[in-house]
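In: Structure here, sequence nowhere to be found:
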């Protein structure tokens, strides 16, 4: 089952990092933009070279359907190419799917993405389910007959997230009310790793939230988003893991993909900079947890 694959790869590499490929034009090395002469071709080359350079170092990668969809048909063709390349390189592949604002749209999204034979070669999906159970049930139904998994967004790392996600709903915070809903659907999907194929996404900026989620939902795998945010840190992320260093993965974007800029270099050694950044993140997390 899909989440078991992710946990196995994390244990193999002793590294829970997921590389989030959300690079913007300013994060692509100038020589690649100059040589390719086109943002999309440059972005595709940049991603592929990073994937090839980081293979065997990090267990998983994450891409966004919407980020490529806004670039039109060529963008979606590039997304398909990148998903295929990531899969062939052995990564666990996570894809953010478009937000569904109705039950019908959720059904259509689930049908398009969650079948093993889908043209979008991903192991797992990030979905936004704040429309309620209508946004969850179609995905849960579809993965019954596939090896796919999904993470439901609960708590995000942006500055204004607390304005809604941390509001009280009865005696619970709003995102915990959402977590209770996700948890009820997840129970039938426990795999051999002890974690469910239906997971939850929390925020690296909120250690208290991650600690509450880990304590309350023992069998839920947590995808920790936002390691790149200024107020995120490894200590917060550590609350998402169990005592064996299992049950969670951490998404890091420009701290890896744009590490060449932080190094003050011209970008020609961007893969080497990314490798060094991955090692730093691994060491930072290793100060608080040990993946057994």
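Out: Nice, thanks for sending it over. As the structure is a computational prediction, the values presented were derived from the model and not from experiment.
In: can you list contacts of the helix or strand hosting residue 256?
Out: Per DSSP states H and E: residue 256 is located in helix 254-257. For helix 254-257, contacts defined as C-beta atoms under 8 Å, 6 or more residues apart in numbering pick out 17, 19-23, 27, 46, 50, 54, 227-228, 262, 274, 277-278, 281. Backbone N, C-alpha and C define where each C-beta goes, glycine included.
In: which intervals of this protein have sub-threshold pLDDT?
Out: Filtered on pLDDT under 70, the chain yields the residue ranges 1.
In: switch to 90 and redo it
Out: 1-2, 22-25, 115-119, 129-130, 145-147, 157-159, 169-170, 187, 230, 262-266 (pLDDT under 90).
In: And the helices in it?
Out: 2-13, 30-36, 39-54, 65-69, 73-88, 103-113, 137-143, 162-165, 174-186, 207-216, 234-238, 254-257, 259-262, 270-286 (DSSP state H).
In: For these, give me TSV that also has mean neighbour count and distance to residue 153.
Out: Below are the helices of the chain laid out as TSV (neighbours: other C-beta atoms under 10 Å; distance: least, C-beta to C-beta, whole Å):
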stretch	mean neighbour count	distance to residue 153
helix 2-13	20	16
helix 30-36	14	32
helix 39-54	18	23
helix 65-69	17	13
helix 73-88	17	20
helix 103-113	18	13
helix 137-143	20	12
helix 162-165	15	9
helix 174-186	19	9
helix 207-216	18	12
helix 234-238	22	17
helix 254-257	22	20
helix 259-262	18	26
helix 270-286	19	22
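In: mind giving me JSON lines with those helices and columns for distance to residue 124?
Out: Compiled in JSON lines, these are given as follows (distance: least, C-beta to C-beta, whole Å):
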{"stretch": "helix 2-13", "distance to residue 124": "6"}
{"stretch": "helix 30-36", "distance to residue 124": "29"}
{"stretch": "helix 39-54", "distance to residue 124": "17"}
{"stretch": "helix 65-69", "distance to residue 124": "13"}
{"stretch": "helix 73-88", "distance to residue 124": "12"}
{"stretch": "helix 103-113", "distance to residue 124": "10"}
{"stretch": "helix 137-143", "distance to residue 124": "10"}
{"stretch": "helix 162-165", "distance to residue 124": "22"}
{"stretch": "helix 174-186", "distance to residue 124": "13"}
{"stretch": "helix 207-216", "distance to residue 124": "18"}
{"stretch": "helix 234-238", "distance to residue 124": "19"}
{"stretch": "helix 254-257", "distance to residue 124": "19"}
{"stretch": "helix 259-262", "distance to residue 124": "25"}
{"stretch": "helix 270-286", "distance to residue 124": "20"}
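In: Which one of these lies nearest to residue 123?
Out: With C-beta to C-beta as the criterion, residue 123 lies closest to helix 2-13 of the helices of the chain, at 4.8 Å.
In: which other residues reach the closest one?
Out: 16, 56-60, 92, 123-124, 147-149, 191-193, 195-197, 199, 221, 246-247, 249, 291-292.
In: Mind doing that once more with 7 Å?
Out: The contact list for helix 2-13, computed with C-beta atoms under 7 Å, 6 or more residues apart in numbering, reads 16, 57-60, 92, 123-124, 147-149, 191-193, 195-197, 199, 221, 246, 249, 291.
In: of the helices of the chain, which approaches residue 130 most closely?
Out: Comparing the helices of the chain by C-beta to C-beta, helix 174-186 comes nearest, at 6.8 Å.
In: what packs against the closest one?
Out: Judged by 3 or more C-beta pairs under 7 Å, 6 or more residues apart in numbering; DSSP states H and E, the packing partners of helix 174-186 are helix 162-165, strand 198-203, helix 207-216.
In: who wins for proximity to residue 109 among those?
Out: Of all these, strand 198-203 comes closest under C-beta to C-beta, at 15.4 Å.
In: That closest one pairs with which strands?
Out: Strand 198-203 has its sheet partners listed here by DSSP bridges as strand 149-153 (parallel), strand 222-225 (parallel).
In: Now do that strand and helix 207-216, the angle between them.
Out: Counting by axes from the mean of the first three to the mean of the last three C-alpha atoms, to 10 degrees, strand 198-203 lies at 160 degrees to helix 207-216.
In: Could you export the helices and strands packed on helix 174-186 as CSV, including distance to residue 119?
Out: Output for those, formatted as CSV (distance: least, C-beta to C-beta, whole Å):
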stretch, distance to residue 119
helix 162-165, 33
strand 198-203, 23
helix 207-216, 33
